[in-house]
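K.L.:
Can you look at this prediction? I've put the sequence above it.
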Amino acid sequence: MTSWQGKVALVTGGGTGIGAAVAAQFGAGGGKVVLMGRRMAPLEAVARPLGGLAVAGDAADASDVRRALAAARQAFGGVDVLVANAGGHGLGNLVDTDDASWALATRLNLDSAFVCMREVMPELIARRGNVVVLSSLAGHFAGPGVAGYVTMKHALIGLVRSVARDYGRQGVRVNAVCPGWVRTAMADEQMQVLVAKHGLADVDAAYALVTKDVPLGRPASAEEVADAVLFLASGQASMITGTSLMVDGGASAVDLPTLAFVD
């Protein structure tokens, strides 16, 4: 396990799923965590046993991010790692996506990472810190009927590359992690749609269906994605910046037109 002694991580969307798993692993390694999200109760439930801080706020709101930064400085002296994990849906195809839905997808997925990086960057330069952004398999490939989500997750890859390019000489690394299906509460809700549509027995059967053509044949756990996030944030990745790491069980390695040859 990497030692995070003396290091501080700001994790957005830190109350559940991948964000909570990142916080738990960072704290287990001796680091301090500041968790930001919209709901205080789950944030506190994760932060309390780690000796961390919970700050309710919107990661796309600069004033809320500054408040979280101020709390981190007061309690722990600053921030060394930003994990821009906050995100959300962008459902609907092009014609079905109205202006409000498009704006919401932008705010939840792209603005949240952009605003956090912009506000935290002076701190990261001073402490030679780094950023890990949670994009998605959808940041490289398009799923059906999620135009807003796919577009914003693609845009995050561009943002990561741009910021890595501009701030590398100042000692700041910026990378993205791109998970495929991950077993989280949010994904469980999506699995319920498939359960109803196909008359499946339960969400386990739905996960099996969506990963049947994935080489590893299963979804990731939140902890497995957290492993990748913390690798990129660690000194073991000291020469890695501007990249996107796929954590998808091999889904992106599959040549889709050849699936017709598989029994």
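P.N.:
All right, it came through fine.
K.L.:
right, and the helix or strand after the helix or strand harbouring residue 9?
P.N.:
Using DSSP states H and E, residue 9 sits in strand 8-12. Under the assignment DSSP H and E, the closest C-terminal helix or strand after strand 8-12 is helix 17-28.
K.L.:
name the helices or strands packed onto the following helix or strand past that next one?
P.N.:
Reading on from helix 17-28 to the C-terminus, the next helix or strand found by DSSP H and E is strand 32-37. If you count contacts as 3 or more C-beta pairs under 8 Å, 6 or more residues apart in numbering; DSSP states H and E, strand 32-37 packs onto strand 8-12, helix 17-28, helix 40-47, strand 53-56, helix 62-76. All C-beta atoms are positioned from the backbone trio N, CA, C, and that covers glycine.
K.L.:
and residue 82, which of these is closest to it?
P.N.:
strand 8-12 (5.2 Å; C-beta to C-beta).
K.L.:
Quick one: the helices in the stretch 101-250 of the chain, in order.
P.N.:
112-127, 147-167, 185-198, 203-210, 222-233 (DSSP state H, counting those that start in this stretch).
K.L.:
quick one, which of those helices is nearest to residue 12?
P.N.:
Here helix 112-127 is closest among the helices of the stretch 101-250 of the chain (C-beta to C-beta), at 6.0 Å.
K.L.:
before we move on, the earlier item: so of the helices and strands packed on strand 32-37, which one's packed in deepest?
P.N.:
strand 8-12 (a mean of 29; mean count of other C-beta atoms under 10 Å).
K.L.:
So which bits of the helix or strand bottoming out on mean pLDDT in the chain are buried?
P.N.:
The helix or strand of the chain with the poorest confidence is helix 185-198; it has a mean of 93 (mean pLDDT, DSSP states H and E). Using 16 or more other C-beta atoms under 10 Å as the test for burial, helix 185-198 gives 187, 191, 194, 195.
K.L.:
Out of those residues, the closest to residue 256 would be?
P.N.:
residue 194 (19.3 Å).
K.L.:
Where does pLDDT dip in the chain?
P.N.:
Along the chain, the model assigns pLDDT under 70 to residues 1, 263.
K.L.:
Got the domain ranges for it?
P.N.:
Here the domain assignment for the chain is 8-180+221-251, 182-218, based on automatic domain parsing.
K.L.:
Residue 2 is nearest to which of the ones you listed?
P.N.:
Checking these against residue 2 by C-beta to C-beta gives domain 8-180+221-251 as the closest, at 4.5 Å.
K.L.:
tell me how far the ends of that closest one are from each other?
P.N.:
End-to-end distance for domain 8-180+221-251: 33 Å, by C-alpha to C-alpha, to the nearest Å.
K.L.:
For that domain, what is the distance to the chain centroid?
P.N.:
Domain 8-180+221-251 sits 5 Å away from the centroid of its parent chain (C-alpha atoms, centre = their mean, to the nearest Å).
K.L.:
which residue is nearest the middle of this protein?
P.N.:
Nearest to the geometric centre of the chain sits residue 134, at 2.6 Å (C-alpha atoms, centre = their mean).
K.L.:
Which secondary structure elements does the strand holding residue 9 sit against?
P.N.:
Checking 3+ C-beta pairs under 8 Å, 6+ apart, strand 8-12 ends up next to helix 17-28, strand 32-37, helix 62-76, strand 81-84, helix 112-127.
K.L.:
Now distance to residue 253 too, for those, in CSV please.
P.N.:
Converted to CSV, the helices and strands packed on strand 8-12 look like this (distance: least, C-beta to C-beta, whole Å):
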stretch, distance to residue 253
helix 17-28, 22
strand 32-37, 33
helix 62-76, 36
strand 81-84, 26
helix 112-127, 26
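K.L.:
Out of those, which is closest to residue 234?
P.N.:
strand 81-84 (9.1 Å).
K.L.:
Partner strands of that closest one, with direction?
P.N.:
Sheet partners assigned to strand 81-84 using DSSP bridges are listed as strand 8-12 (parallel), strand 130-134 (parallel).
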